[in-house]
Structures are given as structure tokens and as C-alpha cells.
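In: next one to model:
(chains A and B)
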Amino acid sequence: MEDLSLPKIDYAAVAPMLILFGVACVGVLFEGVLPKAARRVTQLVLALLGLVAALSVIVWQSDTRVLTAGGAVAIDGPTLFLQGAIIVLGIMALLLIGDRAMEHGGAFVAQAAITVGSEADRKQAVKEQGATEVYPLTVFAIAGMLLFVAANDLLTMFVALEVFSLPLYLLCALARRRRLLSQEAALKYFLLGAYASAFFLFGVALVYGFAGGVEFGTIHDSVTESTQSTVLLYAGLAMIAIGLLFKAAAAPFHVWTPDVYQGAPTPITGLMAACTKVAAFGGLLRVLYVGFDGVAWDYTPILGVVAVLTMLIGAVLAVTQTDIKRLLAYSSIANAGYLLVGVLALSKDGLSSTMFYLVAYGFTVIAAFGVVTLVRDADGEATHLSRWAGLGRRSPLYAGIFTFILLAFAGIPLTSGFIAKFAVFGAALDSGEAWLVVFGVVTSMLLAFPYLRVVVMMWLSEPGESTPTVSIPGGLTAAALVIGVVATLVLGVAPAPLLDLTTSAADFVR
Amino acid sequence: MSLSPYVPIIGMFALAAGFAVMSVAIAPFLGPRRFNKAKLAAYECGIEPSPEPIGGGRVPVKFYLTAMLFIVFDIEIIFLYPWAVSFDSLGLFGFVEMLLFIGTVFIAYAYVWRRGGLDWD
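Out: As a prediction, the model looks like this:
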């Protein structure tokens, strides 16, 4: 038998992923060998160290532009930028996950197998420490996301999709309180996610049938050169897009979002709203910009309709919500629409503005869910909007922070939300997609209404009997809140450094 | 006369279908009919499907744990066979990769073992 030619691997370039996968494996091992009392601190420190180490490698490698591992992984500007963004946002989410100051034992169930409503369940809710498997699972998810935005062929992308999805399904089910809601959310997310993955995989098979390969370079070449029937190409691209748009929570594939965001433990909701969004759009950008840019004329109108639908559904349904987590979920759907507007600019500006938007939105949304973890009563988080009435009197500081966050979501100047929207709409206008921008501006105004309603409720209503108290955040949550709020402000006041960074990073290698 | 490459496949289909139909058709004529309790029970392994077990038909999670652990090693074997066959041409790189792979599987095993997943009661 002749020798197989082994793929060349640039280990330094893929080191961030290797570090995180290694850290997650060590974390699982620690779960087995460490005594229960020592696990939480060890796991948290290990996970944070791993993320910081991975981030350092990304900064060190920031000039790398290579295809490596036999062309399966592309380390280029967008990859490194998005990987860095996922890690920074992941660190923030991990701070929320690790905090146990607001609730005894943290936000996670002690034993997921305890029957809901049993005596053991009541005991774990108030007495026992939360499960520490959460930390390795989070690191696995983040590592999968890093691979997802770096994947340069559809199969690697599919494996990465599963690697980051499976831990997320599990994490959704681990809430300490309202466990039935949490388990329902996890099951819904899992079933619908598996369904979307199947679509993605079938799309990959069809595209392989058309292009004779799954690498984006091969697909790009056959899209521009092939003379055979394009039925397989369009059907395959449509199914791949369904799989990606599901993860990005774009309409009409968004129906899981409110239920899952509401049911999942709030720190995990933050992780999903920020990091999964970055990963999903990172993947979508690479698929559309690198693999299928030859048929951009054909998919732009269809994805444009999806973007408009996403913005409209997100904005209109956000108005009717009575639960703060559901409201933020619909806001997240609408933001997926704005991101799609940036993606559909299909230009260097579109790429850089989408990446800027992802980072700006990620910082703000994690801070938002951080505040949600603070507003609580004896039964845990008080998420019903009516309970937030009069919060400004009770706790001006946190009501003020949340007001600032909501204004950033609404896109008020001097916040990152304004700059981010301005950038994606500007890029879309330059590319002649004015109709998308019109819908974007209209739905932005529509979406400002539910945000302002919450603001008015917090400040202009009298606190009632049922207004819950705001817990003093532990150091970890406070740190995440400070990072999120400061980033939202700085990116709104002085966005130039990050805009320059996104512009210099906005070049795919093929 | 040149046969289309698909002819053997059609032959295979015909053989398979014929075998299935024949097996079902001749069983009542050839098979002895000696029924007993075990033969009439539903074909299941593990727990008795009827009468309904305590807890409203819930299956103890232990079965699931064992099945998952089995699948982990099942997958490991699937990868070990082709690796062993082409060990010579894969060389040191393949050896190290396989050690890493077995190592990660071992971590899962160690986790299950240490957390009591292997204790039946």
C-alpha cells in the first residue's frame, strides 16, 4: 500500500480550537476525579484560563491568512475576528454562568435527573450546589463555534454545527427553577435543531452532487464555471441556508427562539443570544461570500424577503410580549434581520459592518440578560414585565443600566446600537439594497416602542407590592455588566478602532 | 451481449424480494406449532413491557447510560479497525492521532465510572 499523503496542519493557526477542546476534555476529567467542593472554582478558573489563552493565541496570530488541515479550515481575517468576538463574549457569558451570589448554588440544577416537583427537587432548589458540568459543556460549545466560523468546507461546518449545538441543547435543560419550562425548551430546541441539521446535511449532499466537492473553493469554481443543470445547486443552497438561518433565528425559522430563550437558564440565554448569533452569521457569511457568491443575484431577493420578514415579525411580536426574556428573544430575532441586511450588502463594507454589528449586539445583549438575572423574588427571577414596574424607584442603578441597554437596542445615538445599525444600513444602501434599509428603519422605530414601554414602566410607575427586589450582583455578574455597558458606550462614542479592525479583517481567503 | 452494470443490482433486488416473500409464505406450512409462554411474549430485552412497570411505563435511566456507553466504545471500534488495517501507511502521525482519540474516549469512560454510571444499583 502506498503512503497516504497527510494533510499539512498549521498548528499555531488552529491552536485556539485545540486549546479549548483540550480544556473541555480536562474539565470532564476533573468532573470525575475532583471532590465536589473543589469542582466549581477549579472548573471556572480552568475555563477562563483556557478562553484567555485561546484569545491570546488569536491576537498573536492576527496576521495569519492560511488554508490549513487539508483545506478544511480557513484562518483568515473574518475567522480570527469572529473567533476573538466569540471568545470575549463567551468569557462574559461564563462570568454570568459562574456567579452564585444571587442564588444559593447558582442558576443551574444540582442533578438534572431529579424528578421535577419531587421532594428531592425542592431540596436541591434551595440547598444544593449547581452542577459543574456546565463549564466543560460551555467550553465545548464555544470551541465548536470557533471551528464553525473557521470551517472551509461544508462537512467540517456540519461537524462544528453539531459540536456547538449539542452542548447548548443540554445546557438549556439545566435551570435550577422552572425546570419543566427549561426541559421543554431544551427538547424543543433539540428536536427543531436536529431537524434543521438534517436540512443542512441534505443540502450539503445536493451541493456535493452539483459541485463534486464540499470545499467552498471547489463550490465557488463550479458555480462560476459549470454548465450543468443548476437544480441541485439551488435546492442544496436553499437547504443549507435553512439550516444556518435556523441557528441565526431568522424568520420563518425563528419559532423556537422565544420558548428556548425563556426556558433556558438566563446565563445560557445570554450565551446563545451573543455567541450563537456570532457563530451562525459567521458561517452564513462564509457560505454566501466564499462558496456561493457566483449566484448572489439569485439568492439576494429571496434572502432579502427573509430579512424583511425577520425584522417585521421580530418587531411586531416584541410589542405584544409580557415577559422580559421573550421580549429580548423577539428583539434578538429582529436583530437577526438587521444582520441579514448587512450580510446581503455582499460587499467588503457589508462584511465589516455585519461583524461590527455582531460584536456590538453581543456585548449589549449579554449585559441585558445579566440584569435579568438580578431582578428576582423568592421564587427566582421575576421575568413578567408587570413585575418590573417601579423598578427605577427601588433600584435606580440597575434600572438605569437596563434603560441604557434598551436605548442601545433601540439604536439611540451615543450607543453602539446606533453605530452598528448605521453601518449595516449604510453598507446595504451602497450596494443598492435601499428597500431593505427602508424596512430596517421602519421596524427599528416599531421596535423602539416595546423598549420604551419597559423604560416608562420602570421609571414612571409606582413600585407595587409585587415589585421584586434587585439582588446585589456577585463580582462575576458585576464584571460582565461593567464590560457590557462600557463596551456599549465606548463603541457608541468612539467606534473608530473597532470599525478599522473589522475593515482590515474583512477579507476571506478562498 | 453487454449487460448494463445495473442488471446485477436488479437481480439482487429480485433475489432479496423473492427470499423475503418465500420465507413468510412457507413458514406456516413448515414450522411446528408448539406455543409456550415465552414465545407469546413481546420480543424485548431488558425490562418486561407488560404489565406496565411501576412509574407509568418509565424506563430506568440506567438502561440509557449503559446504551450510551456501549455506543461510545462501538464508535471507537469502528475507527480502530480501518486504522489498524492501514497502520503501516499512516505511520507515527496516525498512531498519535489514534492515541488522542482513545484518550478522549477514555475521558468519557473515566467520567462515567467515577460518577457511578457503572453501578447498577
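In: following the worst-scoring helix or strand of chain A on mean pLDDT, which helix or strand comes up?
Out: Least confident helix or strand of chain A, by mean pLDDT, DSSP states H and E, is strand A:469-470 with a mean of 77. Using DSSP states H and E, the next helix or strand after strand A:469-470 towards the C-terminus is helix A:475-493.
In: for that following helix, the distance to its chain's centre please.
Out: 17 Å (CA atoms, centre = their mean, to the nearest Å).
In: give me the element A:E128 is part of.
Out: Counting by DSSP H and E, A:E128 is part of no helix or strand.
In: ok, the nearest residue to it once chain neighbours are set aside to A:V45 distance?
Out: Spatial nearest neighbour of A:E128, excluding adjacent residues (CB to CB, 6 or more residues apart in numbering or on different chains): A:A110 at 3.7 Å. Where you see a C-beta, it was placed from the backbone N, CA and C, and this is true even at glycine. A:A110 is 21 Å from A:V45, where distance means CB to CB, to the nearest Å.
In: lowest-confidence helix or strand of chain B?
Out: Result, chain B / mean pLDDT, DSSP H and E: helix B:37-40, a mean of 78.
In: buried sites along the helix or strand that it is followed by?
Out: On the C-terminal side of helix B:37-40, the closest following helix or strand by DSSP H and E is helix B:61-85. By neighbour count with 16 or more other CB atoms under 10 Å in any protein chain shown, helix B:61-85 contains the buried residues B:L65, B:L69, B:E76.
In: which one of those is nearest to chain A?
Out: Distances from these to chain A were compared by CB to the nearest CB; the smallest belongs to B:L65, at 9.9 Å.
In: tell me the secondary structure at the nearest residue to that closest one once chain neighbours are set aside.
Out: Closest residue in space to B:L65, ignoring its immediate chain neighbours: B:G117 at 4.9 Å, by CB to CB, 6+ apart. What DSSP: H, G, I helix; E, B strand; the rest coil gives for B:G117 is coil.
In: sorry, back to before: burial count for the residue nearest to A:E128?
Out: Here the count is done by other CB atoms under 10 Å in any protein chain shown, and A:A110 has 20 residues near it.
In: the least confident helix or strand of chain A pairs with which strands?
Out: strand A:375-377 (antiparallel) (DSSP bridges).
In: so how far is the strand it pairs with off the chain centroid?
Out: 25 Å.
In: contacts for it?
Out: Contacts with strand A:375-377, where a contact means CB atoms under 8 Å, 6 or more residues apart in numbering or on different chains, come from A:102-103, A:381-383, A:387-388, A:391, A:398, A:468-471.
In: skipping its backbone neighbours, what lies nearest residue 69 in space?
Out: Picking chain A for this. Spatial nearest neighbour of A:A69, chain neighbours left out: A:I9 (5.1 Å); criterion: CB to CB, 6+ apart.
In: that's the wrong chain, I meant chain B
Out: Computed as CB to CB, 6+ apart, the closest residue to B:L69 that is not its neighbour in sequence is B:V112, at 5.7 Å.
In: pull whichever strand or helix holds A:R326 out as CSV, backbone CA atoms only.
Out: Secondary structure from DSSP H and E places A:R326 in helix A:324-344. The C-alpha trace of helix A:324-344 is given here as CSV (Å, rounded to 0.1, in the frame of the first residue of the first chain):
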residue,chain,number,x,y,z
ILE,A,324,-38.9,40.3,29.6
LYS,A,325,-37.0,37.2,28.3
ARG,A,326,-39.5,36.7,25.5
LEU,A,327,-39.3,40.4,24.6
LEU,A,328,-35.5,40.1,24.4
ALA,A,329,-35.9,37.0,22.3
TYR,A,330,-38.1,38.8,19.7
SER,A,331,-35.7,41.7,19.8
SER,A,332,-33.0,39.1,19.0
ILE,A,333,-35.0,37.9,16.1
ALA,A,334,-35.4,41.4,14.8
ASN,A,335,-31.6,41.9,15.2
ALA,A,336,-31.0,38.8,13.1
GLY,A,337,-33.0,40.7,10.4
TYR,A,338,-30.7,43.7,10.6
LEU,A,339,-27.7,41.5,10.5
LEU,A,340,-29.1,39.9,7.3
VAL,A,341,-29.4,43.3,5.8
GLY,A,342,-25.7,43.7,6.4
VAL,A,343,-24.9,40.3,5.0
LEU,A,344,-27.0,41.0,1.9
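In: tell me the first helix or strand C-terminal of that helix.
Out: Going down the chain from helix A:324-344, the next helix or strand is helix A:348-372, by DSSP H and E.
In: relative orientation of that next one and helix A:475-493 in degrees?
Out: Orientation note: helix A:348-372 sits at an angle of 140 degrees relative to helix A:475-493 (axes from the mean of the first three to the mean of the last three CA atoms, to 10 degrees).
In: give the buried residues for helix A:348-372.
Out: Result for helix A:348-372 [16+ other CB under 10 Å]: buried residues A:349-372.
In: distance from the chain centre to it, please.
Out: 9 Å.
In: who are the packing partners of that helix?
Out: Applying 3 or more CB pairs under 8 Å, 6 or more residues apart in numbering or on different chains; DSSP states H and E, one finds that helix A:348-372 contacts helix A:77-98, helix A:266-271, helix A:277-286, helix A:324-344, helix A:396-410, helix A:416-430, helix A:475-493, helix A:496-505.
In: now what about the shortest one, what contacts it?
Out: With CB under 8 Å, 6+ apart as the test, helix A:266-271 has contacts from A:89-90, A:92-93, A:96-97, A:99, A:107, A:138, A:141, A:168, A:171-172, A:174, A:260-262, A:325, A:328-329, A:365-366, A:368-370, A:372-373, A:381.
In: average model confidence for that helix?
Out: Mean per-residue pLDDT for helix A:266-271: 94.
In: could I get the buried residues of helix B:61-85 as CSV with pLDDT?
Out: Below are the buried residues of helix B:61-85 laid out as CSV (pLDDT from 0 to 100):
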residue, pLDDT
B:L65, 82
B:L69, 85
B:E76, 89
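In: in a helix, the residue nearest to A:A69, correct?
Out: No: applying three-state DSSP, one finds A:I9 to be coil, outside a helix.
In: can you pull the contacts of the residue nearest to A:A480 when sequence neighbours are not counted?
Out: Among residues not flanking A:A480 along the chain, A:L95 sits closest, at 4.1 Å (CB to CB, 6+ apart). A:L95 sits next to A:L476, A:T477, A:A479, A:A480 when contact means CB under 8 Å, 6+ apart.
In: which ones are touching the second one?
Out: So that's A:T477. Taking CB under 8 Å, 6+ apart, we find A:T477 in contact with A:L95, A:L96, A:D99, A:A101, A:M102, A:G370, A:T373, A:L374.
In: how does it look with 10 Å?
Out: Going by CB atoms under 10 Å, 6 or more residues apart in numbering or on different chains, A:T477 touches A:92, A:95-102, A:267, A:367, A:370-371, A:373-374, A:471.
In: and which of the residues you listed is nearest chain B?
Out: Once CB to the nearest CB is applied, the member of those that ends up nearest chain B is A:I97, at 19.8 Å.
In: and the pLDDT at A:F164?
Out: 94.
In: what helix or strand is it on?
Out: Going by DSSP H and E, A:F164 is part of helix A:154-172.
In: for chain B, which residue gets nearest to chain A?
Out: For chain B, CB to the nearest CB, closest residue to chain A: B:R114, 3.5 Å.
In: report how many residues lie close to that residue.
Out: As a burial measure, B:R114 scores 14 neighbours (other CB under 10 Å).
In: phi, psi of it?
Out: Main-chain torsions, B:R114, degrees, to the nearest 10: phi -70, psi -30.
In: low pLDDT regions in chain A?
Out: A:1-4 (pLDDT under 70).
In: what does it have sitting close to chain B?
Out: By the rule CB under 10 Å from any CB of the partner chain, the part of chain A lying against chain B is A:1-4, A:6-7, A:9, A:21-22, A:24-34, A:113, A:115, A:133, A:136.
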